[in-house]
Every structure is written in structure tokens, then in C-alpha cells.
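Asker: Predicted model and sequence follow; I will ask about them next.
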Amino acid sequence: MSDTDKRKRLVWSAFLRSCEKFPDRPAIEVASSPLSYKQLDKRATCLAATIQAKTAQGGVPLTAVFAHRSHTAYAGVLGALMAGHGYVPLNRTFPIDLTRLMLEKSTCRTLVVDNGSEAQLSELLRGLTTPMVILCPDRADVTEVSAKLPAHRVVGANELVEAERWFPPEVSPNAIAYLLFTSGSTGQPKGVMVSHANLLHYVDYVTKRYGFTSNDRVSQTFDLTFDLSAHDMFVAWQSGACVCCPSQKQLIKPAAFLNDSQLTVWFSVPSTAVFMRRLGELKPGLYPNLRLSLFCGEALPVDVVRDWSLAAPNSVIENIYGPTELTIGCTAYRWNSQTSLDECEHGIVP
């Protein structure tokens, strides 16, 4: 790839290439329900075309995605990016006042909402004076929702613009790919902007380092409001792999999710592995299909890694670190059963 081609690349470009190469392979599996690359592409492109057609010109090019562990959540992320916007994930499991503050600070004027989050819409938008375009792709008839939100324009599934009307936007690689909020030192939400160029640099490096292919099935244990979710999505979609997102119920039984989903790549906070160990779910040989296990976000206990390496005997194990501001991760330590014990301090993996 030439330097010119690299400069023109955007985060959604790799997804579209995978759609061309692997149209019928699964791109996303939510609560064991799959969508192929072709199916996810159509949903995302319709949302992108609608955002382009119905969002007023000017203002900050950001679209909020108020959706949680659903097909619409992932279509919303891609739709925002393909419309030329960055995406701002919002989480219905957060306190609504906190979510409203995030939405207000982002200055988004477009909002994608899934069926499970609709019930919080009125409270989310309470007191916000800027008119918004609200896309509800899971609902055909939005008459009831519109009546509750007279200051805003609500667009249902029947009013989405056809995918054929989408056009590739002119976007700089230095434009915002996503805006995430961290608690900050004061406890108030602090927005962190990550560009297409930064995210692509990370994705390119990680894809090569770990050898991702279209045969991989990648866990998505993180909510979209956690930047590690961007690793799972965009590394997988660049490679034509499948992102496997468990429901909240499946998260309570991670071992069953791991095996039922036939995962080849696992990524979670260490506390999930600690939980699995306490449940007796790290017995030798339980996860022979795993080839890569990544942990990030918390201290990783030595005892947990030793048991994980026995449970997943064919897996490379790495401990990753990186603040949100540095684009997902910036350091990685690879566990070696022969030498790593001598490199650990206080029972914690470097």
C-alpha cells in the first residue's frame, strides 16, 4: 500500500473491504444471533445515508449511539463513521444524569437508539434545547416516540434512507473517529477524542502482531463506552473476522459463552478471569480453541494467568496497558511459563 493510499484510509474503509471479500461470513454475533458482513453493511449504510440526508449542515460531526449489546449498536457505530461522523457511545446502564451530561458535552445533533434504550429517551433528552435527529431503526412506527419528543425529529425504520443514496464522505484521517468519556481526576466526565489515523495505526500494528485472520472469532466483553471495545471491533473487521458479543446473561457464565461461541481470541479485564477461577472454570484443557488471550484494565494476578495457561494450552497470553488518551493500548507483556515468574512482583504480572 502506497503512502498516498495510507493517508486516504479511514476506519470504515477496512470494514467495506471485508464486506467485498467475505460478504457471507459473520461480521457480528450478538447473544448468539449472527449478521453477515453483507447484512451489517446494509444496516450501517442505511443509517449512514440517513444521517447524511437528515442532519443539518454545520456543527460538530459527531453522532451518539445510545445502544447496548445489540445489532443496532454496531450498525450505529459503523453508520456514524460512514456518514463522515465520529461516534459517541452512550450506555443505558449508566446513571441517566451522567449519560445526559456526556451527550450535552459532545454537542451531537444525531442520535442512534436501539429498542432496549428507547424507554430512557425522554429522560435522556430532558432539558436539552438543541433539536436532534433521532434514528430508531428497531421501530417501524415512531408516532408514539415522536409525540413524547416534540422538539426533536424521530426517524423510524420505515423512513430510513435507502443504502444506495449513501456517498463516501470527504473526511480527513485526522478527524475524530470516536469520542469517549472518562471520569477524569475530578469525577466529571472528560471527553477523549481519537482520530482515524491514531486508531488505524493501532489496528494495523495489532493485526500484524497477533496474526488476525478471517477465521478468528473475537470476544466483545467490553461495553462500547470502554475504549477496549474499539480493539475488538476494528481489528476483527479489518481481518474479516467475527465479533462475538455476549448478552448480559451470557456474561455471567463466561466459560459457556467462550465455548459456545467457539472463540479463538479472548479479551477481557482480569477480574473476569478471577471470577472464572472462583467458579472453577479454569480447569486444564477447557478452552483448546483459544489461540490468543488478552487482558487489560486492571492488575493481572499471577495465579490467574497460570491457571488460564493450563485451561487454554494453545493460547498466547498477554497483559496490555494503555490510557484512553493513548489509543487503547501502548505496552504489552507476553507471559512465558518458563521465565515470567521471576519477572513478577507481589504476585502481579508486569
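Answerer: Arrived safely.
Asker: how about the helices of this structure, start to end?
Answerer: 3-8, 11-21, 37-54, 71-82, 96-106, 121-124, 143-148, 196-210, 228-239, 248-251, 254-260, 270-278, 302-311, 340-343 (DSSP state H).
Asker: Show the pLDDT at the residue nearest to T272 when sequence neighbours are not counted.
Answerer: Once flanking residues are discounted, T272 sits nearest to P254: 5.9 Å by CB to CB, 6 or more residues apart in numbering. Where C-beta positions appear, they are placed from N, C-alpha and C, glycine not excepted. P254 carries a pLDDT value of 96.
Asker: what about P254, distance to V218?
Answerer: 14 Å (CB to CB, to the nearest Å).
Asker: So which of these two has more stuff around it?
Answerer: V218 (26 against 20; other CB atoms under 10 Å).
Asker: Is that one bridged to anything, and to what?
Answerer: Counting by DSSP bridges, V218 is bridged to V243, V265.
Asker: next one: V30
Answerer: Beta-bridge partners, per DSSP bridges, of V30: S33, C245.
Asker: who touches it in this structure?
Answerer: Neighbouring residues of V30 by CB atoms under 8 Å, 6 or more residues apart in numbering: R69, S70, H71, Y74, C245, S247.
Asker: Find me whatever residue is spatially closest to the residue nearest to the spatial centre of the chain, sequence neighbours aside.
Answerer: Central residue of the chain (CA atoms, centre = their mean): S229, 3.7 Å from the mean position. Distance criterion CB to CB, 6+ apart; nearest residue to S229, sequence neighbours excluded, is F222 at 4.2 Å.
Asker: same thing with G127?
Answerer: R100 (7.5 Å).
Asker: So what's the residue count around that neighbour?
Answerer: Residues lying near R100 (other CB under 10 Å) number 19.
Asker: Which among the helices of the chain is found nearest to E159?
Answerer: helix 37-54 (7.8 Å; CB to CB).
Asker: so the closest one versus helix 11-21, what angle?
Answerer: Here the directions of helix 37-54 and helix 11-21 differ by 140 degrees (axes from the mean of the first three to the mean of the last three CA atoms, to 10 degrees).
Asker: and the angle for helix 37-54 with helix 228-239?
Answerer: Helix 37-54 and helix 228-239 are oriented at 110 degrees to each other (the same axes, to 10 degrees).
Asker: State the mean pLDDT of helix 37-54.
Answerer: On average, helix 37-54 scores 98.
Asker: packing partners for it?
Answerer: Secondary-structure packing of helix 37-54 (3 or more CB pairs under 8 Å, 6 or more residues apart in numbering; DSSP states H and E): helix 11-21, strand 26-30, helix 71-82, strand 110-113, strand 133-136, strand 153-156.
Asker: what residues does the last one touch?
Answerer: Contacts of strand 153-156 from elsewhere in the structure, counted by CB under 8 Å, 6+ apart, are 50, 54, 131-137, 139-142, 145-146.
Asker: now with 7 Å?
Answerer: Strand 153-156 is contacted from outside by 50, 54, 131, 133-136, 139-142, 145-146, using CB atoms under 7 Å, 6 or more residues apart in numbering.
Asker: got the domain boundaries for this protein?
Answerer: Using automatic domain parsing, the domain parsing of the chain gives 38-190, 196-343.
Asker: Which stretch among these approaches F15 most closely?
Answerer: That would be domain 196-343 among the domains of the chain, by CB to CB, at 4.4 Å.
Asker: and the closest one, how far from the chain's centre?
Answerer: Domain 196-343 sits 14 Å away from the centroid of its parent chain (CA atoms, centre = their mean, to the nearest Å).
Asker: residue contacts, the residue nearest to S229?
Answerer: Contact analysis of F222 by CB under 7 Å, 6+ apart lists L228, S229, D232.
Asker: Over to N198?
Answerer: By CB under 7 Å, 6+ apart, N198 lies in contact with T327.
Asker: a markdown table for the helices and strands packed on helix 37-54, including mean pLDDT and distance to K283?
Answerer: Below are those laid out as a markdown table (pLDDT from 0 to 100; distance: least, CB to CB, whole Å):
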| stretch | mean pLDDT | distance to K283 |
| --- | --- | --- |
| helix 11-21 | 97 | 36 |
| strand 26-30 | 98 | 26 |
| helix 71-82 | 98 | 33 |
| strand 110-113 | 98 | 42 |
| strand 133-136 | 98 | 45 |
| strand 153-156 | 97 | 49 |
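Asker: Quick one, which of those gets closest to L300.
Answerer: strand 26-30 (26.9 Å).
Asker: If you count neighbours, what's buried in that closest one?
Answerer: P26, A27, I28, E29, V30 (16 or more other CB atoms under 10 Å).
Asker: nearest to S183, of these?
Answerer: Proximity of the buried residues of strand 26-30 to S183 (CB to CB) peaks at V30, which lies at 27.4 Å.
Asker: Pull up the gap between the closest one and T213, please.
Answerer: 22 Å.
Asker: One more: L101?
Answerer: Counting by CB to CB - L101 and T213 are separated by 41 Å.
Asker: Next: L279.
Answerer: Relative to T213, and taking CB to CB, L279 is found at 31 Å.
Asker: pLDDT below threshold where in the stretch 151-300 of the chain?
Answerer: Filtered on pLDDT under 70, the stretch 151-300 of the chain yields the residue ranges 184-186.
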